[in-house]
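# Next come a sequence and a model predicted from it.
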Amino acid sequence: MRLINLDNNATTRVDPEVVQAMLPFFTDQFGNPSSMHSFGAAVAAAVRKARLQLQALIGAELDQEITFTSGGTESDNAAILSALEVMSNRTEIVTSAVEHPAVLTLCAHLEKTRGVKVHRIPVDRHGRLDLDAYRAALTPHVAIVSIMWANNETGTIFPVAKLAGLAKEVGALFHTDAVQAVGKLPMDLKSTAIDMLSLSGHKLHGPKGIGALYVRRGVRFRSLIKGGHQEHDRRAGTENTPGIVGLGMAAELALKFMDDDNTRVKWLRDRLENGILQRIPNTFVTGDPLERLPNTANIAFENIEGDAIPFLLSRVGIACSSGSACTSGSLEPSHVLRAMNAAHAAVRFSFSRYNSEADVDRVLEVLPAIVERLRGFPSSGPGERSAEDLQSGLCLSSRRTGSRS
Ligand SMILES: Cc1ncc(COP(=O)(O)O)c(C=O)c1O
Ligand code: FES
């Protein structure tokens, strides 16, 4: 069975060029970049090159503004915790109701353990931020604003440059979780007021377990991980050199292919969306119709539990998801859909440069029958499932009146 990955917001395939770039750093080039000898120096040069590759991708002013971390989650934690430390006379955080758990769980923890006041700005039914509520939350008590660049479930893009400018007016630091946006959207951080930005390798065809935190020149920063002097004293611990080199190469490729990728990927995404809306009644696209990642389609199917469709599609080799990977599988409703007051569960299809027209056509071939079946109508043709599959799907769909609506 041919496998079709339409779950690229969960993770992406590592580009073969990335793998090739990494391999020598497991074999010959195993030196420690902090060592004085030539072994270490060559590896240190490779780490520097990766920093420059990332600098180019996000439009940072200096390569030293980039610190390598273990991924998006660590970068988010490091940014927020540093801000609370350097702005110790301020005790409030502004964030959105639809952030990744890397931000929301930390905020809830800080609220409980340190008495930090957290403002979670609501969104409308398209997932757009309530700008009035945002402005109202901004006071001189706010240490940091942490608002994502693009949402992982709906693909809705927040106007982060504008939001950062407003945060500056009250002297707050501005951090953005750009894990889903980096490599998909053009960026020029030096022309914005964004102070810190998180990114992650595995969302842009790089390896897992590597990411970076951008910290604008002049912004005070306290390292989350204490120890040695690596990463300009911003992240202790011997560097993950193969991962760093891989992330650098992934960044270079993302920049090189961004325009082409996005044109083609968006065309595929739109073809799938339009195909589903035309073929299957009572479906609609969630997320902002205009300000949306070019690779993400989040589609609500009325009267079907979100988990049922990904479950049945996976049986025919198609991977997609019913929300973020962190919530699906736990049978927890998606906090993003709840924040949007969505009346229905939704299925996320997320593309990458490895997808083709044939992938879209295959989904359009099998999905109508699956949906008909789950809605309890007679079905025929492709998508015929076993009694066991049918039972599971119907069982999942019977939970449709649950807390997602
Ligand atoms: C928006 C967002 N932030 C943070 C993360 C976490 O990144 P990582 O898996 O590198 O820790 C993810 C990944 O799912 C994400 O989508
Ligand atoms: S809802 Fe759990 S098996 Fe159906």
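The structure has been received and is ready for your questions. Just so it is clear, the structure is predicted and the values come from calculations on it, not from any experiment. Ligands and ions are numbered 1, 2, ... in the order given.
# what is the mean pLDDT for the host helix or strand of Leu104?
Leu104 belongs to helix 101-114 when assigned by DSSP states H and E. Average pLDDT, helix 101-114: 97.
# which secondary structure elements does that helix contact?
When contacts are defined as 3 or more C-beta pairs under 8 Å, 6 or more residues apart in numbering; DSSP states H and E, helix 101-114 packs onto helix 72-86, strand 92-96, strand 117-121. C-beta coordinates here come from the backbone N, C-alpha and C atoms, glycine included.
# buried set for the first one?
Okay, so that is helix 72-86. Judged by neighbour count (16 or more other C-beta atoms under 10 Å), helix 72-86 contains these buried residues: 72-84.
# what helix or strand is Phe284 on?
strand 283-285.
# CA-only coordinates of the helix or strand following that strand in CSV, if you can.
Next along the chain after strand 283-285, taking DSSP H and E as the criterion, comes strand 296-301. Provided in CSV are the C-alpha atoms of strand 296-301 (Å, rounded to 0.1, in the frame of the first residue of the first chain):
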residue,chain,number,x,y,z
THR,A,296,-2.9,23.6,5.9
ALA,A,297,-6.5,22.6,5.4
ASN,A,298,-8.7,22.1,8.4
ILE,A,299,-12.1,20.8,7.4
ALA,A,300,-15.1,20.3,9.5
PHE,A,301,-17.5,17.4,8.5
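# Strand 296-301 near ligand 1 anywhere?
No: if you take C-beta under 6 Å from any ligand atom as the test, strand 296-301 misses ligand 1, and the best it gets is 10.9 Å.
# returning to that earlier point: show me the strands paired with the strand holding Phe284, marking each as parallel or antiparallel.
Applying DSSP bridges, strand 283-285 is found paired with strand 296-301 (antiparallel).
# CA atoms only for whatever helix or strand comes next after the strand it pairs with, dumped as CSV, please.
Going down the chain from strand 296-301, the next helix or strand is helix 308-315, by DSSP H and E. Coordinates of the C-alpha atoms in helix 308-315 are reproduced here as CSV (Å, rounded to 0.1, in the frame of the first residue of the first chain):
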residue,chain,number,x,y,z
ALA,A,308,-13.3,8.7,12.9
ILE,A,309,-12.1,10.1,9.5
PRO,A,310,-8.3,10.0,10.2
PHE,A,311,-8.9,6.5,11.7
LEU,A,312,-10.5,5.2,8.5
LEU,A,313,-8.1,7.0,6.2
SER,A,314,-5.2,5.5,8.0
ARG,A,315,-6.5,2.1,7.1
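# In terms of secondary structure, what does helix 308-315 contact?
helix 357-374, helix 387-397.
# Lowest average confidence across those, which one?
Among the helices and strands packed on helix 308-315, helix 387-397 scores lowest, with a mean of 37.
# Wasn't Leu337 part of a helix?
Yes: under DSSP: H, G, I helix; E, B strand; the rest coil, Leu337 falls within a helix.
# just so I know, which of the helices and strands packed on helix 101-114 lies nearest Ala10?
Closest to Ala10 of those is helix 72-86 (C-beta to C-beta; 12.3 Å).
# Could you give the average pLDDT over the closest one?
Rounded mean pLDDT across helix 72-86 is 98.
# Please apply the same query to stretch 276-292.
Mean predicted lDDT for stretch 276-292 stands at 92.
# Just the buried positions in it, please.
276, 280, 283, 285-288, 292.
# Same check on stretch 290-305?
Buried residues in stretch 290-305 (16+ other C-beta under 10 Å): 292-301, 304-305.
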